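K.L.:
Give the three-dimensional model of this entry:
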Amino acid sequence: MSQLSNRRAVITGAGSGIGAAIARAYAAEGARLVLADRNAASLAETAITCRNLGAEVFECLADVGTVEGAQASVDRCVEHFGGIDILVNNAGMLTQARCVDLTLEMWNDMLRVDLTSVFVASQRALPHMLAQRWGRIINVASQLGIKGGAELTHYAAAKAGVIGFTKSLALEVAKDNVLVNAIAPGPIETPLVGGISDDWKRAKARELPLGRFGLADEVAPVAVLLASEPGGNLFVGQTLGPNSGDVMP
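P.N.:
Residues are numbered from 1 along each chain as shown. Down below sits the predicted model:
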């Protein structure tokens, strides 16, 4: 029995990495999908894969770094499916620099894409979820939002903001059966880490109790759990950590 049969789901950043893995997992579990990304080629590739798994899929070419782009996939889901049940705020960016070298532009870009987009998309989806008294919002954060990371102060700050936003919104809407949770992966082998130095990645791998970075397909089942019934029914404001042992709350 499919865990997400006929659920209407939006996944941002679905063109690659964790977002693409979640899209495939949701498709396999019977969800109807709106997939968003700013890269048309990779978005189309994920959409084809999900259709081959039997899912009904609409593509949304959008940049969540703008208000209109962050709202677009939610609007597309409501337009095509008549509402929205699940929102996965996964899209993000990652750059590396010492705090002393960060420009204000780099700082603002990080917050705009990795944090503000989560607020904007969630706010757009909430009226529909509250009206139907059912919804799941799943925000992809990072273990660095919990423990911090050298040369990643802007990224860690944005992801810590995602975790704080998740907890606060969960307190507001749980009574209406809208459950808001976060996933804070550790280092994952995705295109997102392509901009991080090899020295940083080698040092990070040595720190991990598991001894290796994770794979996107090892994170996606967590997003299925949080969106499912009854599996996800008791998770409220939680931050789940598939992180190779990097953080043990």
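K.L.:
where do the helices sit along the protein?
P.N.:
17-28, 40-52, 67-81, 104-111, 117-132, 144-147, 153-173, 198-207, 216-227 (DSSP state H).
K.L.:
report the angle between the axes of the fifth one and helix 104-111?
P.N.:
With axes from the mean of the first three to the mean of the last three CA atoms, to 10 degrees as the basis, helix 117-132 and helix 104-111 are set at 20 degrees to each other.
K.L.:
And helix 117-132, what does it pack against?
P.N.:
The contact analysis (3 or more CB pairs under 8 Å, 6 or more residues apart in numbering; DSSP states H and E) places helix 117-132 against strand 8-12, helix 67-81, strand 86-89, strand 135-140, helix 153-173, strand 178-183. Bear in mind the C-beta positions are built from the backbone N, C-alpha and C, glycine included.
K.L.:
any idea of the angle that helix forms with helix 153-173?
P.N.:
Per the same axes, to 10 degrees, the angle that helix 117-132 makes with helix 153-173 is 10 degrees.
K.L.:
Which residues does stretch 59-74 contact?
P.N.:
With CB atoms under 8 Å, 6 or more residues apart in numbering as the test, stretch 59-74 has contacts from 10, 12-13, 34-38, 40, 43-44, 47, 76, 84, 87, 91, 109, 112-113, 116-117, 120-121, 124-125.
K.L.:
List the buried residues for that stretch?
P.N.:
Residues 59-66, 69-74 are the ones in stretch 59-74 that count as buried (16 or more other CB atoms under 10 Å).
K.L.:
end-to-end on it?
P.N.:
11 Å (CA to CA, to the nearest Å).
K.L.:
roughly how far out does it sit from the chain middle?
P.N.:
Distance of stretch 59-74 from its chain centroid, counting by CA atoms, centre = their mean, to the nearest Å, is 14 Å.
K.L.:
now stretch 180-191
P.N.:
For stretch 180-191, the distance to the chain centre is 8 Å (CA atoms, centre = their mean).
K.L.:
quick one: average confidence on it?
P.N.:
Throughout stretch 180-191, pLDDT has a mean value of 93.
K.L.:
Other residues contacting stretch 94-108?
P.N.:
Counting by CB under 8 Å, 6+ apart, residues outside stretch 94-108 touching it are 109-110, 150-155, 192-193, 195-197, 200.
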